[in-house]
Structure formats: structure tokens, C-alpha cells
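Undergrad: model this:
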Amino acid sequence: MNSNVEDSFSPILIAVLLIFTTIVLFILRRLLKSSKGYVLLTGLNDTGKTLIHSQLLHNQHVLTYTSSQDNVEECNIDGKKITVVDLPGFHSIRQQFFEKYKENSKGIVYVVDSTSLAKNIRDAANVLNNILSDPVVLKKRPNILILCNKQDQTLAKGASVIKTMLEKELNTLRNSELNQLKQLDSKETSKNRSGDSSKEFTFASLNCKVEFAESFAFNKNNSVDLDALKKWIRKVAT
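TA: Down below sits the predicted model:
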């Protein structure tokens with residue numbers, strides 16, 4: 001009789017063990033996935049993202065072109081390892097790649113061309129606003145660096161000027177969005193998107209930390225200045 005009881009319980013025990021093992025493996029996969037952290041390089045086309053990526057990882061200048069794919073490689077800066085992802089800047093595919101990596105991003109580097117920002121300020125502010133108001137970014141609050149690139153060129157504007165330009169344009173954009181939302185009577189949609197709407201927009205008013213830095217990835221003398229970016233990445237990778 002005992003033998004029959006044991007035999008009848010064996011399939012049940014096996015099934016329970018299989019279910020338990022499946023659950024454990026599922027949890028482990030989720031933990032491993034969530035623990036992987038990325039630093040994302042994003043921005044408009046021709047801001048120098050791919051060249052920055054190449055200098056960070058391989059310390060070399062490469063001929064770059066508008067890419068339709070993401071470049072993903074592990075970066076080692078003074079013993080700090082983190083995966084750096086160069087996202088395509090082309091407007092029709094930029095968002096889909098951002099969606100792919102944003103959940104596990106530890107840091108976002110928004111690269112701007114310091115020589116042509118005045119001409120592209122509306123597009124640059126619009127893309128940045130989409131990042132800052134993204135629900136996942138609002139929830140996860142990754143570190144954000146606005147990298148003012150091409151500082152070696154004569155017409156480049158400094159980080160403080162670029163910060164003022166972006167704040168002014170983002171304030172205009174936010175007010176336009178809020179007016180549209182008021183017409184739709186959608187209070188929840190505007191909540192916590194871009195700081196206190198009763199005041200002028202500033203990066204300091206955001207819930208996430210936004211920093212500014214200057215860089216250039218290559219000039220005619222073969223010199224490179226990515227020190228501020230590397231310092232920021234080391235901090236993010238800690």
C-alpha cells in the first residue's frame with residue numbers, strides 16, 4: 001500500500017519540481033536582464049555620435065555615415081565597464097531603437113552639434129523633450145548628459161549658451177503642449193512631464209538629473225577631448 005501511495009505521488013512531485021524550476025529560471029532571466037545597464041548615445045543626425053562611440057571604445061577616428069542600425073559594445077574606462085549603445089539619429093527609426101534600450105538605460109547622452117544648434121534648435125528640443133517626458137525615463141530617472149560636441153570648431157557655442165537655448169525652446173514647446181492638452185481637458189497627461197508649468201522651464205526643475213559637458217571627438221591636429229564624457233560614464237557605471 002505504501003508503495004502504491006509513493007507511486008501515485010511521484011508524477012505530482014515531478015510536476016511541482018518542474019513548475020518550481022521554471023519559475024526560478026524565469027526570475028533569474030528577468031534579474032539578469034534588468035541588471036544589464038546601458039549608456040545610450042542619441043541625438044540628431046550628424047552630431048558626431050558614431051565618432052564619439054568609436055573614440056570611446058577603440059580610441060581611433062573612423063569615417064562615419066548615417067546608420068540605420070544600433071552599435072552596441074562594452075566600454076572599459078579605468079576599469080569601469082558598461083555597454084555603450086550608439087543609436088541611429090535618423091528621425092524615422094530613432095524612436096524604435098530608443099524603445100529597445102530605454103528600460104535598462106543607466107545613462108542617456110544627448111549629443112548636440114554646437115556649431116549648428118541654432119539652425120536645428122526646434123528639432124533638437126523636440127527630440128530631447130520626447131526623452132525627458134518618456135514614461136519610462138520619468139519612472140527610472142536615468143542620469144542624463146547633454147554633450148555639446150564639436151567644441152574645436154570656430155562657430156561652436158559653449159555649454160552655458162546651449163543650455164539657455166534649449167531651456168528657452170523647451171519652455172516654448174511645453175507651453176504649446178499644455179495649451180493643446182487644456183483644449184482636450186487632459187490633466188493627467190500633463191502631470192509631471194516637464195516641471196512646474198507655472199514657471200519658466202529649467203533643467204533644474206526636472207525630477208531627473210541633467211548635466212552639461214563639452215567635447216570634440218576629432219580635429220585637424222588629431223586631438224580628442226572626451227574627458228568630461230568619460231568622467232560622467234565612470235560615475236554612471238559605478
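
Undergrad: the bottom helix or strand of the protein by mean pLDDT?
TA: Between all helices and strands in the chain, the lowest mean by mean pLDDT, DSSP states H and E belongs to helix 187-190, at a mean of 48.

Undergrad: Check which element follows that helix along the chain.
TA: The helix or strand immediately downstream of helix 187-190 is strand 210-214, counting by DSSP states H and E.

Undergrad: Pull out the buried positions in that following strand.
TA: By 16 or more other C-beta atoms under 10 Å, the buried positions in strand 210-214 come out as 210, 212-214. Every residue, glycine included, has its C-beta placed from N, CA and C.

Undergrad: swap in stretch 88-103?
TA: 88-89, 94-95, 97-98, 101-102.

Undergrad: Could you do stretch 133-145 as well?
TA: Buried residues in stretch 133-145, counted by 16+ other C-beta under 10 Å: 133-134, 137, 142-145.

Undergrad: Which of those residues fall in helices?
TA: Among the buried residues of stretch 133-145, the ones falling in helices (DSSP state H) are V137.

Undergrad: Name the nearest of the buried residues of stretch 133-145 relative to S160.
TA: Comparing the buried residues of stretch 133-145 against S160 with C-beta to C-beta picks out L145 as the nearest, at 15.1 Å.

Undergrad: rewinding a little: wait, which of the buried residues of stretch 133-145 is closest to A118?
TA: L145 (21.0 Å).

Undergrad: Now do the domain split for this structure, please.
TA: The chain breaks down into these domains under automatic domain parsing: 1-35, 37-237.

Undergrad: List the beta-bridge partners for the spatially most central residue of the chain.
TA: Taking C-alpha atoms, centre = their mean, the centroid of the chain lies closest to I108, which sits 2.9 Å from it. Judged by DSSP bridges, the bridge partners of I108 are L40, I144.
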